[in-house]
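> Just need the structure, nothing else, for what follows:
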Amino acid sequence: MICCITSRRLCREDFISRIEKVLQSGVDYLIMREKDLPAREALNLAGKLRTLCEYYHKPLIVNSFVDVARAVHADGIHLPYAQFLEQHEDIRDFGLKGVSIHTLEEAVEAERLGADYVLAGNIFETACKEGLPGRGLSFVRELAGAVCIPIWAVGGITGENAAQVMDAGASVVCMMSSLMSGEL
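Numbering: from 1, shown residues only. Next up, the predicted model:
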């Protein structure tokens with residue numbers, strides 16, 4: 001399964017048109033990750049993405065903006081680990097709750113507190129996390145042996161290496177750069 005994580009900054013064409021192409025390409029999930037937007041603009045964008053996701057029958061997950069996710073009736077909420085620790089009780093009503101993690105301990109705690117999946121990264125080196133070495137496939141394997149919830153992997157994943165990541169134990173591969181600016 002494939003998840004597209006949005007990035008207006010990486011997009012080289014009209015953003016909404018690009019998202020529509022991505023949804024048509026067969027991705028399984030869309031995470032709106034536009035954390036730099038003010039809440040009002042995030043709400044406006046989430047509304048547009050919700051409409052597209054409904055049309056293409058794809059789940060929309062909103063990153064960080066809990067109120068925005070509720071307002072547009074998003075299918076899920078995705079939070080950074082620290083925010084999840086603070087708000088895990090407040091987001092129980094979401095159908096899908098995801099958490100960004102960077103250690104095995106964070107993954108175990110996220111699962112214990114009710115996360116439906118953990119997003120682990122960065123697996124490979126990526127321009128989005130310049131200078132940060134990838135954690136590698138061994139990190140995915142380690143997580144797969146420690147938690148029962150699905151592992152979504154991110155960071156430097158492309159069509160060429162996605163199968164390796166899935167073979168290591170990821171349930172979903174997440175792509176940003178390749179889907180926002182590459183060939184579909």
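> so where do the helices sit in this structure?
15-24, 39-55, 66-71, 81-87, 104-112, 137-144, 162-167, 177-181 (DSSP state H).
> Dump those helices into a markdown table; add mean pLDDT and distance to Pro150 as well.
For the C-beta atoms, the positions are set from N, CA and C on the backbone; glycine is no exception. Compiled in a markdown table, these are given as follows (pLDDT from 0 to 100; distance: least, C-beta to C-beta, whole Å):
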| stretch | mean pLDDT | distance to Pro150 |
| --- | --- | --- |
| helix 15-24 | 95 | 21 |
| helix 39-55 | 97 | 19 |
| helix 66-71 | 97 | 19 |
| helix 81-87 | 96 | 16 |
| helix 104-112 | 97 | 10 |
| helix 137-144 | 96 | 10 |
| helix 162-167 | 95 | 11 |
| helix 177-181 | 87 | 20 |
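> Out of those, which is closest to Gly95?
Smallest distance to Gly95 across the helices of the chain (C-beta to C-beta): 10.6 Å, for helix 66-71.
> Show me what that closest one is in contact with.
39, 42-43, 46, 61-62, 74, 76-77, 79, 87, 90-91, 94 (C-beta atoms under 8 Å, 6 or more residues apart in numbering).
> Let's see that with 7 Å instead.
The contact list for helix 66-71 (C-beta atoms under 7 Å, 6 or more residues apart in numbering) reads Ala39, Ala42, Leu43, Ala46, Val62, Ile77, Gln87, Asp90, Ile91, Phe94.
> Ok, stretch 80-99 next?
Contacts with stretch 80-99, where a contact means C-beta under 7 Å, 6+ apart, come from 59, 61, 64, 66, 69, 75-79, 100-101, 106, 110, 113-119, 152.
> do the same with stretch 100-109
With contacts defined as C-beta under 7 Å, 6+ apart, stretch 100-109 is touched by Pro80, Tyr81, Ala110, Val118, Leu119, Ala120, Glu142, Leu143, Ala146, Val147.
> Do I have it right that Thr158 meets Ser178?
Yes. Using C-beta atoms under 7 Å, Thr158 makes contact with Ser178 at a distance of 5.1 Å.
> Looking at the two, which is more packed in?
Ser178 (18 against 15; other C-beta atoms under 10 Å).
> Run through the residues that contact that one.
With contacts defined as C-beta under 7 Å, 6+ apart, Ser178 is in contact with Thr158.
> mind running it again at 8 Å?
Per C-beta under 8 Å, 6+ apart, neighbours of Ser178: Ile157, Thr158, Gly159.
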